[in-house]
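Participant: here you go, sequence then predicted model.
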Amino acid sequence: MTTFRYWMLRWFSKPSWDRSLYQVIALEKPKSILEIGLASVERTLNLVQIAQRASPDIEFKYCGIDLFDARSPGGQPVKLKDAHCQLHKTKAKVRLMPGEFHDCLPRYANQVGKHDLVIITTMEDALIFAPAWYFVPRMLETSGLVLLRDLSRKEQPYKILSPEKVARLAAEQEPGQRKAA
């Protein structure tokens, strides 16, 4: 990644919420990212390349959970094979897992390891996503951050959630702690 491209992405990329992601990655210098719901392969490539530039001496790890080929016809298509080929060109350690996040998180939470940054982009209703919070702390380093964006709300930027906030959300979803509707 050239210096010009690096600065263009950090300060002038559109949409503005992607710019905020690039800035957080450049400042936080994560060694690993878990992305739940890929916006596009191009954006994911940018995320990985900025993280690699921020910490060039570290083997960067990326894990992505998305529907990939099973996305609805109205959504932007992301083919699993294409994503895999493109991301492996970055020399990062890449793991892609196809499926719905609420199916994947319980199944893979203990396998994917801990990540410095978790990016969640969802169109799901908050009530549908709520049970998934129980598994997020298992995948988050103690000093890690979660960035959350709800696509059902237009123009909403990513919200930064601290590990403490994530722990509170997870505690509300513990199997013994769930409240009846």
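Facilitator: Nice, thanks for sending it over. As the structure is a prediction and not an experimental result, all values here were calculated from the model.

Participant: what's the end-to-end length of stretch 134-142?
Facilitator: 15 Å (CA to CA, to the nearest Å).

Participant: for the chain, which strand is longest?
Facilitator: Within the chain, and with DSSP state E defining each element, the longest strand by residue count is strand 140-150.

Participant: gap between the helix or strand just after that one and the chain center?
Facilitator: Scanning forward in sequence from strand 140-150 by DSSP states H and E, the next helix or strand is strand 159-161. Here strand 159-161 shows a centroid-to-chain-centroid distance of 12 Å under the convention CA atoms, centre = their mean, to the nearest Å.

Participant: same for the following helix or strand past strand 159-161, what does it pack against?
Facilitator: Helices and strands here follow DSSP H and E; after strand 159-161, the next one along the chain is helix 163-172. Contact partners of helix 163-172 among helices and strands, from 3 or more CB pairs under 8 Å, 6 or more residues apart in numbering; DSSP states H and E: strand 140-150. C-beta coordinates here come from the backbone N, C-alpha and C atoms, glycine included.

Participant: in the strand it packs on, what counts as buried?
Facilitator: Of all the residues in strand 140-150, those buried under the rule 16 or more other CB atoms under 10 Å are 140-141, 144-150.

Participant: farthest-separated two in those residues?
Facilitator: With distances taken as CB to CB, the most widely separated pair in the buried residues of strand 140-150 is 141 and 150, at 23.8 Å.

Participant: which stretches in the chain count as strands?
Facilitator: Here the chain has its strands, by DSSP E, at 32-36, 61-66, 93-98, 115-122, 140-150, 159-161.

Participant: quick one: these as JSON lines, columns for distance to residue 43 too.
Facilitator: Formatted as JSON lines, these follow (distance: least, CB to CB, whole Å):
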{"stretch": "strand 32-36", "distance to residue 43": "9"}
{"stretch": "strand 61-66", "distance to residue 43": "11"}
{"stretch": "strand 93-98", "distance to residue 43": "15"}
{"stretch": "strand 115-122", "distance to residue 43": "10"}
{"stretch": "strand 140-150", "distance to residue 43": "12"}
{"stretch": "strand 159-161", "distance to residue 43": "18"}
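
Participant: perfect, I'm done here.
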